[in-house]
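**Q** can you look at this prediction? I've put the sequence above it.
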Amino acid sequence: MNHSLKRYIERLCGAGALVLPLSVLPLASVAQQPVVEDLSGSSGGFYEQAQTQGGGSNGSLVLFNTVQEHQQEIQRLRGEIEELRHQLEQLRRQSQQQYLDIEDRLMSIGQSQIEESTPKVEPDAAEEVANTPSPSDVSEDARQTYQDAFAHVQARRFDEAIAAFEAFVEAYPDTSLTANGHYWLGELYAAEGELDAAEQAFTRVIDNYDGSSKVPDALYKLGLVKARQGEAEESRAFLEKVQDDYPQSSAAGLADDFLRQGS
């Protein structure tokens, strides 16, 4: 009897060993599944819920808001930069026009050779220069190249004129028109507001072509450039040098007018 009962209990335990894992397995699976919380009925919005879920920490919402603020700031700064660029271009054009207006008023005082002195050139003056006989040291090609560059000045195409005169002085460095080419470069650069380049061009006329008729004009224009650069003492020195060294030139008269206006 005892022996039969013992075997029965062993069989029962063996069956339980098989059943127990099957009964435990579903519970383990349920425990491993994530809990999904339905927030659709919550009174707060998505970002408020996200912040609540983050426990108020510096989480993704704070980072998102920071990025948004930076993007808005960048857009605002880009708008300001574009506005400043527009204002700078307007100032550059106004400066160029003011320079030309001043030059026109000064040249109307006593300068008769308009072609030789200022970027604003009348058609009659241009035609007169084109028909002037070429000096003996100037070839027909050099003369034509000079006239082509001058035509850009007459049309007030200053960028094209600068490129053309740069090419002229490089191709023909030793003619009697070369000093005129450098002088015109000084005029054109000054009209464009490129004062350092204008100073270099006028200085080349003065230093390298001392026998040219353009030297007094270059001294006078260099004095104007120095005035625009805020170097009053150097400006006066160049203008007085025109008066002292070339008293009979039209540039000396213009220098005198400019000095009297500034006094």
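**A** On my side now, so go ahead.

**Q** any weak-confidence spans in the stretch 101-250 of the chain?
**A** 101-137 (pLDDT under 70).

**Q** in stretch 182-192, what's buried?
**A** 182-192 (16 or more other C-beta atoms under 10 Å). C-beta coordinates here come from the backbone N, C-alpha and C atoms, glycine included.

**Q** now do the buried residues in the helix or strand where F238 lies.
**A** According to DSSP states H and E, F238 maps onto helix 232-245. For helix 232-245, a neighbour-count test (16+ other C-beta under 10 Å) marks 235-236, 238-243 as buried.

**Q** from those, which two are the most distant?
**A** Farthest pair in these (C-beta to C-beta) is S235 and Q243. Separation: 13.1 Å.

**Q** so who does the closest residue to E160 other than its chain neighbours touch?
**A** Excluding the flanking residues, the one nearest E160 by C-beta to C-beta, 6 or more residues apart in numbering is H152, at 4.3 Å. Contact analysis of H152 by C-beta atoms under 8 Å, 6 or more residues apart in numbering lists 158, 160-161, 164.

**Q** as TSV, the residues you listed with secondary structure, neighbour count and distance to A218 would be great.
**A** Formatted as TSV, these follow (DSSP: H, G, I helix; E, B strand; the rest coil; neighbours: other C-beta atoms under 10 Å; distance: C-beta to C-beta, whole Å):
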residue	secondary structure	neighbour count	distance to A218
F158	helix	17	19
E160	helix	16	23
A161	helix	24	17
A164	helix	23	19
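
**Q** on that earlier part again, so what touches the helix holding F238?
**A** 216, 219-220, 222-224, 226-227, 249, 251-252, 255-256, 258-259.

**Q** and which of these is nearest to E199?
**A** Closest to E199 out of those is L222 (6.5 Å), distances taken as C-beta to C-beta.

**Q** wait, isn't that closest one in contact with I206?
**A** Yes - applying C-beta atoms under 8 Å as the test, L222 and I206 come out as touching, 7.1 Å apart.

**Q** between those two, which one's more packed in?
**A** Comparing L222 with I206 by other C-beta atoms under 10 Å, the one with more neighbours is L222, at 26 against 20.

**Q** so how far is E89 from the more buried one?
**A** Look at L222 and E89: by C-beta to C-beta, to the nearest Å, they are 27 Å apart.

**Q** swap in Y146?
**A** Counting by C-beta to C-beta, the gap from Y146 to E89 is 31 Å.

**Q** which other helices and strands does whichever strand or helix holds D196 contact?
**A** Using DSSP H and E, D196 sits in helix 195-208. On a contact count with 3 or more C-beta pairs under 8 Å, 6 or more residues apart in numbering; DSSP states H and E, helix 195-208 meets helix 178-191, helix 215-228.
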